[in-house]
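Asks: Dropping the sequence and predicted coords here.
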Amino acid sequence: MPGEKGFPRIFGANKSTRFVAERLLSGGARHGIQLTSAAGRFISIRDIHGAIDDVLTRMELDAPPNPLLVFYFAGHGISEGVAWNQFLVPGDFLYDGTLADKDIEGLARSTLTAADLMGRLNAGKVRYLAILDACYEGQEKKFEHPVLTGPAIQSLQQVAFALRFMNEFHQESPVLFSTAPGSVVRTVADPTGSSRDYIAPLARRIALLLDATADGSRSLNLARFVSAMRARDLDPETKPAITHSTPADDWDRAFLVFSSPGGRLIERVGTAEHGATCCQAGPFAHLQGRTVSGSVVIEAERGEYITAGETIRFTGDLTVTVPEADTVELRFKYMDEEWEIIFDAPDEDRLAEGSYNGAGRYPFSDPGQAAMSISGRSRGCNEVHGSFQVEQLEESNGSISALTAAFEQHCDDNPSPLKGIVRFTGG
């Protein structure tokens, strides 16, 4: 529906899940469910809870000694900045307006909160390991206000501190975060070098740790796994995992035994065929793109993060989606790699011909700020500083029929810009 937005695709999320699943199976895991999104099939909260239920049922039937359930999530994560609830975003998540105006209860209904996830796993009455390989994006809320007295502000701060402590999960079943509240993480290179695809940071750490352990035909207990994931020297390309969990006596259990036969992995695709708008009841049709003929040229200096300095010259089919009047999303495949270009006008103004300077990262730009995102090769920016100029824009039947736009994007603190131009006609 008009006005709805979704989160940009994370290139490498599905591969991260496969990386983790394959290595757990090679270490003797008995049963697993790999849940991913695909074109027109999106992971919903129901899919996630259904997979957890199925694994718990299988564990009950098999009755293994010292069972351990491992939950791994790779995807978007946001927060509200007061209690630092982490909202894990499912594949069918849509929203209208801005995320900043959404109430906590509405976000909690439309996402998988880390608190609800741990409550669900705790109800299973088995030891578990939760690995949340996601951003924790949000702006910390301040309580200073001219109406509030000093004691009132202090009281609110104390309440927030208590809630934040709860969302850190100081418990015996370990919960690993890939980043701290209020921050984002980027995908990183596949450590095996088998492809140019990128994966989530904790997936890379898991791959490096478990591959090294398997090479020595050794076993790995839970305590050593958690310790290694937190170690700075495991991998210089990623930050250590964050956890506040309290070690228990049974952490010395054998977590993975690489001489054991691998178990069975069930691969599932999300069942949601439609997006669900946050904080409103009822499903809405997922915004399907249309295919047009176009061209893209992207150039960058050596050291630029997204392209690694390579020039991209593409002519062929572009998938164009116009989720609302202020936004256009373009996708194409170049050398078997997915690329995405998004332009967004500020304050829900209609996208029009003209220059848009000072653009931030879509969809997290500030009020009054244009937004953009150029991503590919499983790489995206944590922060964007850029501009774009719409040189031509024609509309037909309520959709964009022709577009020419030049752009420049600086990724994070990298001084090397990415520059380019995209064209299509006849859409």
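Replies: Received, thanks.
Asks: Tally up the residues packed near residue 61, please.
Replies: Around residue 61 there are 9 other residues, counting by other Cβ atoms under 10 Å. (C-beta placed from N, C-alpha, C; glycine too.)
Asks: Distance check, it against residue 292.
Replies: Distance, residue 61 to residue 292, using Cβ to Cβ, to the nearest Å: 52 Å.
Asks: Counting neighbours, what do you get for the residue lying closest to residue 87 once chain neighbours are set aside?
Replies: Once flanking residues are discounted, residue 87 sits nearest to residue 111: 3.9 Å by Cβ to Cβ, 6 or more residues apart in numbering. Residues within reach of residue 111, counting by other Cβ under 10 Å, total 21.
Asks: quick one: contacts for residue 111?
Replies: For residue 111, the residues meeting the contact criterion (Cβ atoms under 8 Å, 6 or more residues apart in numbering) are 45, 78, 87, 88, 89, 90, 93, 278.
Asks: switch the cut-off to 6 Å
Replies: By Cβ atoms under 6 Å, 6 or more residues apart in numbering, residue 111 lies in contact with 87, 88, 89.
Asks: out of everything not next to it in sequence, what's closest to the second one?
Replies: For residue 88, the nearest residue in space outside its immediate sequence neighbours is residue 112; the separation is 4.4 Å by Cβ to Cβ, 6+ apart.
Asks: ok, now the last one?
Replies: Nearest residue to residue 89, sequence neighbours excluded (Cβ to Cβ, 6+ apart): residue 76, at 3.9 Å.
Asks: Kindly report the same for residue 250.
Replies: residue 127 (6.3 Å).
Asks: ok so, going back, give me the buried subset of the contacts of residue 111.
Replies: Neighbour counting by 16 or more other Cβ atoms under 10 Å classes 87, 88, 89 among the contacts of residue 111 as buried.
Asks: Now for residue 266, how many residues are close by?
Replies: With other Cβ under 10 Å as criterion, residue 266 counts 14.
Asks: Over to the one 5 residues further on?
Replies: The number of residues packed around residue 271, counting by other Cβ under 10 Å, is 14.
Asks: Just to check, residue 291 is in contact with residue 317?
Replies: Yes: Residue 291 lies in contact with residue 317 (Cβ atoms under 6 Å); the separation is 5.1 Å.
Asks: Please save the CA atoms from stretch 179-199 in PDB.
Replies: In PDB, the C-alpha atoms belonging to stretch 179-199 read as follows (Å, rounded to 0.1, in the frame of the first residue of the first chain):
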ATOM      1  CA  THR A 179      27.100  -5.400  18.700                       C
ATOM      2  CA  ALA A 180      26.200  -3.100  21.600                       C
ATOM      3  CA  PRO A 181      22.900  -1.300  22.000                       C
ATOM      4  CA  GLY A 182      22.600   1.800  19.700                       C
ATOM      5  CA  SER A 183      25.100   0.500  17.100                       C
ATOM      6  CA  VAL A 184      25.100  -1.300  13.800                       C
ATOM      7  CA  VAL A 185      27.400  -4.000  12.200                       C
ATOM      8  CA  ARG A 186      28.400  -4.600   8.700                       C
ATOM      9  CA  THR A 187      28.800  -7.900   6.800                       C
ATOM     10  CA  VAL A 188      32.400  -9.200   6.300                       C
ATOM     11  CA  ALA A 189      34.300 -11.300   3.800                       C
ATOM     12  CA  ASP A 190      33.700 -15.100   3.600                       C
ATOM     13  CA  PRO A 191      36.600 -16.500   5.500                       C
ATOM     14  CA  THR A 192      36.900 -19.600   3.300                       C
ATOM     15  CA  GLY A 193      37.600 -17.500   0.200                       C
ATOM     16  CA  SER A 194      35.200 -19.800  -1.700                       C
ATOM     17  CA  SER A 195      33.200 -16.800  -3.100                       C
ATOM     18  CA  ARG A 196      33.000 -13.100  -3.100                       C
ATOM     19  CA  ASP A 197      29.800 -13.100  -1.000                       C
ATOM     20  CA  TYR A 198      29.800 -11.600   2.400                       C
ATOM     21  CA  ILE A 199      28.400 -12.900   5.700                       C
END
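Asks: so residue 291 bridges to which residues?
Replies: Counting by DSSP bridges, residue 291 forms beta bridges with residue 319.
Asks: count of neighbours near it?
Replies: For residue 291, using other Cβ under 10 Å, the count is 14.
Asks: That one and residue 331, how far apart?
Replies: 10 Å.
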